[in-house]
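*Asks:* Provided below for reference: sequence and predicted model.
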Amino acid sequence: MMQALLNGLVSGLLIALPAIALSLTYGILNFANFSIGAMITTGAYLAYLVNTTLGAPILVAAPIAAVLLALIAIVIQRGIYRQIRNADHITLLVASMGVAFVLENVIRFFFGADVRTLDVAVARPLSWNGLRLNHEQLLIVTVTLSAMALVAIVLKRTRLGRAMRAISDDPELAEVRGIERARTVDWTWAISGVLTTLAGVLIALDGIVDPLIGTNYLVSVFAAAVIGGIGNPFGAVAGALIIGIVEETSALAVSTTYRQGISFVVLALVLLLRPQGLFGFARIKR
Amino acid sequence: MTAPSRSLRMLDVSAGYGATDIIHTVNLTASAGLITTIAGPNGAGKSTLMKTLAGLLRPRQGSIWIGEQEITALPPPRRAAAGLGYVPQERNVFRNLSVDENLRIGFEFIHRSSGGGEFAAARGRVLDLFPDIAARPKALAGTLSGGQRQMLALGCALIAGPSILLLDEPSAGLSPLYVTSMLDAVAAVNLSGVTVVMIEQNVIEAVRISHEAVLLAGGEIKGRWPANEFLSDPHVRSSFLGGIASKPGLREAVSNDASAA
C-alpha cells in the first residue's frame, strides 16, 4: 500500500507538468489544448533524436529538445491558432485536435510505430524501509519539483508572469494597460513546450518511446487540470497528485487496464460535487 | 505629472460593431490641459466613443490624434505607451491580482526599461492621492469595495503618468460622498497638466469640475459649451435625456432636477 502511494505521488508529479501547461494555455487563450498529449510525444522523440542519433547524453538532449518544442509550439500558435483566434473555443479545441493528429503522424512517418528506448544506463533501485524508489522516479521528483518552483516564480515574481495572469483575468484591460498580448501568448506556448518535453523525457526514461506515449496520458492530464479548477496552474498540481495516487492505488484492486477509466470516475465525481473544480472557487468573477 | 499638456482630437470618426455604426462622423476636440465632459442620454454612444479613443474599437473611418501625433492605427498597448490612460466603466481592475500587482502592471508595461525606484516613486504619488487603497496592498482587487476599486482603477491609469486620461463613468455605483471625492481627485490630477476626457452620468457633479461640456445624442455631437453654461442652455435641457424628454410629465421632473443644481 505504501509503495502504491509512493508510486502514485511520483506519477502524479509527472502528470502535473503537462497539467500546468494545459492550465496556463487555457487560462490565457480560453481553449483546451487537446494536442497536449502529442506535444509530450513530440518532446520525447526530439530528445530521443538528439540522444541517440547525435549521441548527446540525456541531460544535454532534454534541454535541447525542450527549446525545439518551445519553438515548434510558437510556430503552431502563429501559423494556426492566431489565424482563428476570434473563433469560439470549440473551433480552437478542434483545431488543436488537428494539430495532435499531424504531430503524431509526422512522428510515425519518420520513426514508424516501433518501440524505442533512450540511451541511458540502467541502475539498481534505491530502497528504504522496504520502499523501493528507482533512479528514474528520483529524477522525476527532482525535475518536476524544480520545474514547478520555476513556473511559480515566473508567475508570481516576473513581469511575464504578471502579464500572463493579467490576460487570464481580463484580456481587454490587459491591452489597455500596455500588455502586448501576442508576445505573452508566444511565451506561454514556449513554457508549455518546455513542460511537455520534460514530461515526455521523464515518461520515456521510465519506460519506452512510442508514438502514443503522450496520448496515453491525455485523459489523466485533462482530469488533473479540470479537478484542480481549469485555468488555475496550482490547482492542476493538486489535481495531478490526486489522479496519480488514485490510479496507482486502484491498481491494487482492479486491473491496470482500467487505469484511465478510474481517472474518468474521479473526474465525474469531482464535477458532480464541485463543478468549478476543487480550487475553482478562488477566482473572483464579479 | 507630465509636461506639456496635449490635446486629443477625433476627426470625422465613425465607429460601431459589425456593420452598424454607433457614432457617426464625430468631430471632437479635448483641449490640452482641460477637463471635457461628454454628456448625453443612455444609448447615445458615449462608451462606444470612449472605446474608440482607447483603441479597443477600430474606427470605420476618420482619424484620432494626440497633439500632432496620429494614433488611429495604434492598438491599445501602443496608445497607452503614447500617453493615453483609460479607465473603463466596469471591469477596470484585475480582480484576481493584488492591489500592489495591479499598480505594478499599470506602470511596468509602459515604462519597460525603468528601475524599481521609479515605480516606488510613482506608487507613492498615487497612494498619496488615494490613501484608502494603501492599507491593504496584498488584498485581491476583487475583494475591495466599489469605491476603493474605482480609486485603484484610476490609480492604475495614473501611475504610468499619462498626458491624457479617459474616464468612463468614474463615479458609477459610488455613494454620494465618494462621488465628490472621486471627482475632486480627477480635478487634482488635471491641475498637474493632464488633459481629461470624461463620461459622467452625474452631470451636475461633472460640470462642477469640468471646463467644457459636449452633448452626444444618437451617436452625433450636438454641440459644445463652457461647462458652467451647459445645464442652463435650453437646447441641452430639451434634448438632454433623449427619449424621456418627449414624455411631458417626466420632462418637467428632469428640468427641475437640473435647475436644482
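*Replies:* Cool, the structure landed.
*Asks:* nearest residue to residue B:220 in space, please, no chain neighbours.
*Replies:* Excluding the flanking residues, the one nearest residue B:220 by CB to CB, 6 or more residues apart in numbering or on different chains is residue B:24, at 5.4 Å. In this view, the C-beta of every residue, glycine as well, is placed from N, C-alpha and C.
*Asks:* what residues are up against that neighbour?
*Replies:* Going by CB atoms under 8 Å, 6 or more residues apart in numbering or on different chains, residue B:24 touches B:14, B:219, B:220.
*Asks:* for it, which three-state class applies?
*Replies:* Secondary structure for residue B:24, judged by DSSP: H, G, I helix; E, B strand; the rest coil, is strand.
*Asks:* ranges for the helices of the stretch 151-261 of chain B?
*Replies:* All helices of the stretch 151-261 of chain B, identified by DSSP state H, counting those that start in this stretch, fall at B:176-191, B:203-209, B:227-230, B:234-239, B:248-260.
*Asks:* measure the residue nearest to residue B:220 to chain A for me?
*Replies:* Going from residue B:24 to chain A by CB to the nearest CB, to the nearest Å gives 24 Å.
*Asks:* what about the helix or strand hosting residue A:20, distance to the chain center?
*Replies:* Applying DSSP states H and E as the criterion places residue A:20 in helix A:2-29. Centroid separation for helix A:2-29 versus its chain: 7 Å, with CA atoms, centre = their mean, to the nearest Å.
*Asks:* skipping its backbone neighbours, what lies nearest the residue in the stretch 101-250 of chain A that chain B sits nearest to in space?
*Replies:* Across the stretch 101-250 of chain A, the shortest distance to chain B (CB to the nearest CB) belongs to residue A:178, at 3.5 Å. The spatially closest residue to residue A:178, leaving aside those adjacent along the chain, is residue B:109, at 3.5 Å (CB to CB, 6+ apart).
*Asks:* report pLDDT for the one you found.
*Replies:* For residue B:109, the model assigns a pLDDT of 95.
*Asks:* just give me the neighbour total for it.
*Replies:* 23 (other CB atoms under 10 Å in any protein chain shown).
*Asks:* can you name the residue of the stretch 1-150 of chain A nearest to chain B?
*Replies:* Taking CB to the nearest CB as the measure, the stretch 1-150 of chain A has residue A:27 as its residue closest to chain B, at 10.1 Å.
*Asks:* what does the spatially closest residue to residue B:69 that is not a sequence neighbour show for phi and psi?
*Replies:* For residue B:69, the nearest residue in space outside its immediate sequence neighbours is residue B:82; the separation is 6.6 Å by CB to CB, 6+ apart. When quoted as degrees, to the nearest 10, the phi and psi of residue B:82 stand at phi -80, psi 0.
*Asks:* residue contacts, residue B:82?
*Replies:* Residues B:66, B:69, B:71, B:74 are the ones in contact with residue B:82 under the rule CB under 8 Å, 6+ apart.
*Asks:* spell out which parts of the stretch 1-150 of chain B neighbour chain A.
*Replies:* With CB under 8 Å from any CB of the partner chain as the criterion, the stretch 1-150 of chain B comes near chain A at residues B:54-56, B:75-77, B:80-81, B:86, B:88, B:91-97, B:101, B:104-106, B:108-110, B:140, B:142-143.
*Asks:* give me the buried subset of those residues.
*Replies:* Listed as buried from those are B:54-56, B:76-77, B:80-81, B:86, B:88, B:92-97, B:101, B:104-106, B:108-110, B:140, B:142; burial here means 16 or more other CB atoms under 10 Å in any protein chain shown.
*Asks:* output the contacts of residue B:82 in JSON lines; the columns should cover distance to residue A:53 and secondary structure.
*Replies:* Shown next, in JSON lines, are the contacts of residue B:82 (distance: CB to CB, whole Å; DSSP: H, G, I helix; E, B strand; the rest coil):
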{"residue": "B:66", "distance to residue A:53": "57", "secondary structure": "strand"}
{"residue": "B:69", "distance to residue A:53": "55", "secondary structure": "strand"}
{"residue": "B:71", "distance to residue A:53": "53", "secondary structure": "coil"}
{"residue": "B:74", "distance to residue A:53": "48", "secondary structure": "coil"}
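*Asks:* who are the contact partners of the residue lying closest to residue B:175 once chain neighbours are set aside?
*Replies:* What sits nearest to residue B:175 in space, not counting adjacent residues and going by CB to CB, 6+ apart, is residue B:147, at 6.9 Å. Taking CB under 8 Å, 6+ apart as the criterion, residue B:147 is in contact with B:132, B:174, B:175, B:178, B:182.
*Asks:* how close does residue B:123 sit to chain A?
*Replies:* 15 Å.
*Asks:* so that residue touches residue B:105, yeah?
*Replies:* No. Using CB atoms under 8 Å, residue B:123 is not in contact with residue B:105, being 11.8 Å away.
*Asks:* what ranges do the strands span in chain A?
*Replies:* A:126-128, A:131-133 (DSSP state E).
*Asks:* residue B:174 against residue B:182, yeah?
*Replies:* Yes. The criterion here is CB under 8 Å, and residue B:174 meets it with residue B:182 at 6.2 Å.
*Asks:* got any residues that touch both of the two?
*Replies:* With contacts taken as CB under 8 Å, 6+ apart, the residues that reach both residue B:174 and residue B:182 are B:147, B:150.
*Asks:* which helices and strands sit right next to the lowest-mean-pLDDT helix or strand in chain A?
*Replies:* Of all the helices and strands that make up chain A, strand A:126-128 has the lowest average by mean pLDDT, DSSP states H and E, namely a mean of 78. Helices and strands touching strand A:126-128, by 3 or more CB pairs under 8 Å, 6 or more residues apart in numbering or on different chains; DSSP states H and E, are strand A:131-133.
*Asks:* partners of the strand it packs on, with directions?
*Replies:* Each strand that strand A:131-133 pairs with, and the sense of that pairing, follows from DSSP bridges: strand A:126-128 (antiparallel).
*Asks:* what are the bridge partners for residue B:37, then?
*Replies:* Beta bridges link residue B:37 to residue B:198, residue B:213, judged by DSSP bridges.
*Asks:* and the strands of chain A, which is most packed in?
*Replies:* Per-residue neighbour counts averaged over each of these give the maximum for strand A:131-133, namely a mean of 14 (mean count of other CB atoms under 10 Å in any protein chain shown).
*Asks:* contacts for that one, please.
*Replies:* When contacts are taken as CB under 8 Å, 6+ apart, the neighbours of strand A:131-133 outside the stretch itself are A:2, A:3, A:6, A:10, A:125, A:126, A:127.
*Asks:* which PyMOL command selects the buried ones in the residues you listed?
*Replies:* Restricted to the buried members of these, where burial is judged by 16+ other CB under 10 Å, the PyMOL selection command reads as follows:
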select buried, chain A and resi 6+10
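*Asks:* state the pLDDT value of the closest residue to residue B:51 other than its chain neighbours.
*Replies:* On the basis of CB to CB, 6+ apart, the spatially nearest residue to residue B:51 that is not a chain neighbour turns out to be residue B:57, at 4.3 Å. According to the per-residue confidence, residue B:57 scores 94 in pLDDT.
*Asks:* one step back: tell me the one among the contacts of residue B:82 nearest to residue A:32.
*Replies:* Minimum distance to residue A:32 across the contacts of residue B:82 is 32.9 Å, recorded for residue B:74 (CB to CB).
*Asks:* can I assume the closest one is in contact with residue B:54?
*Replies:* No. Distance between residue B:74 and residue B:54: 10.6 Å, which falls outside the contact criterion (CB under 8 Å).
*Asks:* and residue B:144, what is it in contact with?
*Replies:* Taking CB under 8 Å, 6+ apart as the contact definition, residue B:144 lies against B:93, B:99, B:133, B:136, B:152.
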